Structures are given as C-alpha cells and as structure tokens.
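K.L.:
here is a sequence together with a model predicted from it:
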Amino acid sequence: MGLLFGTDGVRGVANTELSPELAFKLGRAGAYILTEETGLRSIVIGRDTRLSGDMLEAALVAGICSVGVNVLRVGVMPTPAVAYLTRALEAGGGVVISASHNPFADNGIKFFGANGYKLSDELESRIEEMVLDPGAVFPLPTGAELGRVRDVADARERYIRYVSTTGPGSLSGIKVVLDCANGSACTVAPQLFAGLGATVVPVHNSPDGTNINVNCGSTKPNTLREAVLAERADLGLAYDGDADRLIAVDEKGGVVDGDFIMVACALYLQERGALKDQTLITTVMSNMGLHLALREAGINILITKVGDRYVLEEMLRCNASLGGEQSGHIIFGDYATTGDGIITSLQLLKVMLDTGKPLSALAAQMERLPQVLRNVRVKNKERVMESPLLASAITGHEYGLNGQGRILVRPSGTEPLVRVMVEGKDEGLMMRVVEDLVNLVSRIDSE
C-alpha cells in the first residue's frame, strides 16, 4: 500500500490526519481519474453518521465539482448501498465517507469504480500520485462547465427495493433484534425488515454523530445478546458503522461470527448445487473448525491474506460465488460487489426459513477449535519472518498436529509484533507449540 491508501481506502483522525484539504484533493483527483477512465461525468457520494462526515463531504464535493464532474449525493447510506447505487445510477464512480468500525473521531474515504467494485491498486496509486504531486495539472472549468450537485431523493428506496429481492421474500413470523451500531444501517435496516413482515426490535438506532460503534455493533455484540434473550427473539443482527459486515446472535444468545455464517450458507448452497465450483474463499484468520466442517462436505477452501478486498480479488479470479472473513465481511458474488451486512442477513434468514432450523442449529454445524494467541515484541519483523529456522519449526509442528489444527505466525501490520497463533483440539499440545515458537521468535530476533 502507498502513503495514503491502506487496505480499505484512506483513514485517519478527522480534521488532522484526514483534513478537509486532503479530502478536497482526493475528490478532485479521484473524480478526474475515474471519469477519465469511463467518460461518465458523475460521482455518487454517501457517508456514515460521524460528526465529521458533513465537513469531509463538503470538501469532497468541492474537489469533484472543481474538475467539472457532477455529484450525486445520497446522504447517510451503507457502504454496499453506495456500491450498488454507483452502478444503478450509471455513475463514473462512488465515494464513501466512513471509518467502518473505528471510533467516531476517525473517518475515511474509499472509492468504488463505475462497476461497483473497490478500486485496483493501480488506480489507487494513480489517485495518490496526483494528490501528492504539487505540480499535478487538473482541468479548471468555469461557468456552466463546473460540476453540479444533485441529491438523490429515492436513494434509500432504490437500495431497499433491490436487496429485498435477494432474500426469502417474506419474514412473517420472524422476530429480529437489529443492532444498527448508531451507524448507517439505521437508515435502511429497520425499514427493510419491517417491510418484509418481520417483527423488528431496533437497538443502538439513534445516531448523534458521536455514538457510532460505542459499546455496540458487530465488534461488541453483548447488548444485542441481552436484547435477544430478553425479547425472546429468533435472532439478533449486529452491523458495523458502515453496515458492510454482520455478526449474528442466535435464539439462545450464542454469538455467530462470520465463520459460522459462511459455513451455514456454504453448506446450504452446496446441497442445492448453487455454490459455484464448490468453493469458498476466506482469509488466514478463519478458524480451523470452518475448514474441518466444509472439508467433510467436499467444499474447497481457498485462503487469502486478511482484507475483504483480497477475498474479492480471489473470488473474481476463480469465479467463486461466496467468500468472506471471520469479522463478518461476507460477499455473495451473485448479489453484490462488496461485503454487505444487509444482504448477508437476508441470506442467513433464507437458510433458516428454507431448512426450518433455528440459527443455533445452523451454527452447530461448525465446532470452533480452541485457539492460543501470543504476541511477541520484536525489533525486526522482516528478519524473523524470513528465518529458515522459523519456517522449519512451523512445518515440523504442523506435521505433529496431523491435520487437526493449524499454525499461523504473522507480523502485525501496525506494531513491532509477531503474532503466534495455534488452533487445535489438544490444548496441552497447543500450549507447547506456542511456547516453542514464541521462544524461537525471540531468539531469532536477538541474534
């Protein structure tokens, strides 16, 4: 990744790291490059509920209009809704102002192409180069050639109407608690599920600009669990700030993360011959229990590094229809171009209704293997990770696990740490393996 773009756009503390000046430059460069690619002279802009969204939106709008490109403003809207609307409105690209599950003081800017997919590394690099180049030349239209802003009044209804067609049709008889994380799901989820006939109990559905993700949402499902049990609901659904991920809670209060959701959906699709190439794409973070459950069903699993963009790249490469992450970013390729928590919810409900099984029974199809994780502080992550001694030790221990566990040793992306993780059924063996690898990492780093 470059200086500005990470695995999911440009992020930082709003008004310092992510300033209005930077937002203006990103809007100008992004609009110029995306419309140059397609010839389509409009950009869709959506945002989540953060206080800084208004400020950054204004700066982005100014940058986009300054190069003669029109803005289609859709307001507070889930990230996947912006991806869908970019295609539906035949725009040259889309921009989302959101920092997903991060604290409210943070914000972010991420782009979609005209096809609704996140940008390639090449396009992001071109935008970044223009932003950082003080000598970059942009068109300077005047008069009637300046870009204009249009609010898309029916944006919410367009998205709700579309996603409604991807699910079971009717949710009559279902009682669901929706944790909207005080984020962008507030604008669509309660209306959608009520419209499909469900009894809806919304929680964390009153955004004030500062309470997004605060003790709620997909990263903190405890209050959702309590609400599901208190309401005797069939399930609970928790979204993150921009509603592109989902964590569920079953009727017994069990937390159902992305691994369990992928297993339930993959097995359902496989039984009906609808899982393309009998393949699921997931990341290195998925639990070994997922692998064991799907291996028995004859489902192939392809593994990528962490990040839903890498999952999507692999899905497109091998024409897979399902992929995702343990964190709840799940992509149903037949319906969406990115992770979509609302569509994932509807697919999970479709499995429940078609099979007649409660969510707890669907989750029981996978047994989560115990996991031991240790972080080792090091001076040189690269040296440790490139060590032949470490590679040899990992191979030897994997042989000892005999296919009933796995080892993951990886550097932290943001800290001077090497993370050593072992999963398996034998806890004593896991502890011995972790201890041996932790000691070896420390020894290699100190030599």
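P.N.:
Everything's here; your move. Since this is a predicted model, take the numbers as computed values, not measurements. Numbers count the residues shown, from 1 in each chain.

K.L.:
in stretch 369-383, what counts as buried?
P.N.:
Within stretch 369-383, the residues that qualify as buried are 369, 371, 374, 376, 378, 381, counting by 16 or more other Cβ atoms under 10 Å. Glycine gets a C-beta too; all of them are placed from N, C-alpha and C.

K.L.:
CA atoms only: put stretch 171-190 into CSV for me.
P.N.:
Extracted in CSV, the C-alpha atoms of stretch 171-190 (Å, rounded to 0.1, in the frame of the first residue of the first chain):
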residue,chain,number,x,y,z
LEU,A,171,-40.1,-12.6,7.0
SER,A,172,-43.5,-13.0,8.5
GLY,A,173,-43.3,-14.8,11.9
ILE,A,174,-39.7,-13.8,12.5
LYS,A,175,-38.7,-11.6,15.4
VAL,A,176,-35.4,-9.9,15.0
VAL,A,177,-33.3,-7.5,17.1
LEU,A,178,-31.3,-5.1,15.0
ASP,A,179,-28.1,-3.5,16.4
CYS,A,180,-27.5,-0.7,13.9
ALA,A,181,-24.3,0.5,15.7
ASN,A,182,-25.7,4.1,15.6
GLY,A,183,-24.3,4.0,12.1
SER,A,184,-25.5,3.9,8.5
ALA,A,185,-27.6,0.7,9.0
CYS,A,186,-30.1,3.0,10.9
THR,A,187,-31.3,4.4,7.6
VAL,A,188,-32.3,1.1,6.0
ALA,A,189,-32.3,-2.0,8.2
PRO,A,190,-35.4,-1.4,10.4
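
K.L.:
could you pull out the buried residues of that stretch?
P.N.:
Across stretch 171-190, burial judged by 16+ other Cβ under 10 Å covers 171, 174-190.

K.L.:
distance from the chain centre to it, please.
P.N.:
Centre-to-centre, stretch 171-190 and its host chain are 18 Å apart (Cα atoms, centre = their mean, to the nearest Å).

K.L.:
then stretch 206-223?
P.N.:
Here stretch 206-223 shows a centroid-to-chain-centroid distance of 16 Å under the convention Cα atoms, centre = their mean.

K.L.:
so how far is the first residue of it from its last?
P.N.:
15 Å (Cα to Cα, to the nearest Å).

K.L.:
contacts for it, please.
P.N.:
With Cβ atoms under 8 Å, 6 or more residues apart in numbering as the test, stretch 206-223 has contacts from 48-51, 76, 101-104, 179-183, 186, 203-204, 224, 236, 238-241, 245-247, 249, 255, 327-328, 341.

K.L.:
again, only this time at 7 Å
P.N.:
Contacts to stretch 206-223, defined as Cβ atoms under 7 Å, 6 or more residues apart in numbering, come from residues 48-51, 101, 103-104, 179, 181-183, 186, 203-204, 238-241, 245-247, 249, 255, 328.

K.L.:
could you do stretch 11-28 as well?
P.N.:
Residues outside stretch 11-28 that contact it (Cβ under 7 Å, 6+ apart): 10, 52, 55-56, 59-64, 66-67, 99, 102, 105-109, 127, 131, 138.

K.L.:
residues in contact with the residue lying closest to residue 245 once chain neighbours are set aside?
P.N.:
Nearest non-adjacent residue to residue 245, counting by Cβ to Cβ, 6 or more residues apart in numbering: residue 328, 3.6 Å away. Residue 328 sits next to 218, 245-247, 257-258, 341 when contact means Cβ under 7 Å, 6+ apart.

K.L.:
then residue 4?
P.N.:
By Cβ under 7 Å, 6+ apart, the contact list for residue 4 reads 10, 128, 131.

K.L.:
surely it forms part of a helix?
P.N.:
No. Looking at residue 4 with DSSP: H, G, I helix; E, B strand; the rest coil, it is coil, so not inside a helix.

K.L.:
if I look at it, how far off is residue 109?
P.N.:
Distance, residue 4 to residue 109, using Cβ to Cβ, to the nearest Å: 9 Å.

K.L.:
what do those two both touch?
P.N.:
Here residue 4 and residue 109 have residue 10 as joint contacts, going by Cβ under 7 Å, 6+ apart.

K.L.:
before we move on, back to that, lowest pLDDT pick from the buried residues of stretch 369-383?
P.N.:
Least confident of those in the model: residue 371, at 86.

K.L.:
which non-adjacent residue is nearest it?
P.N.:
Of all residues not flanking residue 371 in the chain, residue 423 sits nearest, at 4.8 Å (Cβ to Cβ, 6+ apart).

K.L.:
what's the burial count for the one you found?
P.N.:
22 (other Cβ atoms under 10 Å).
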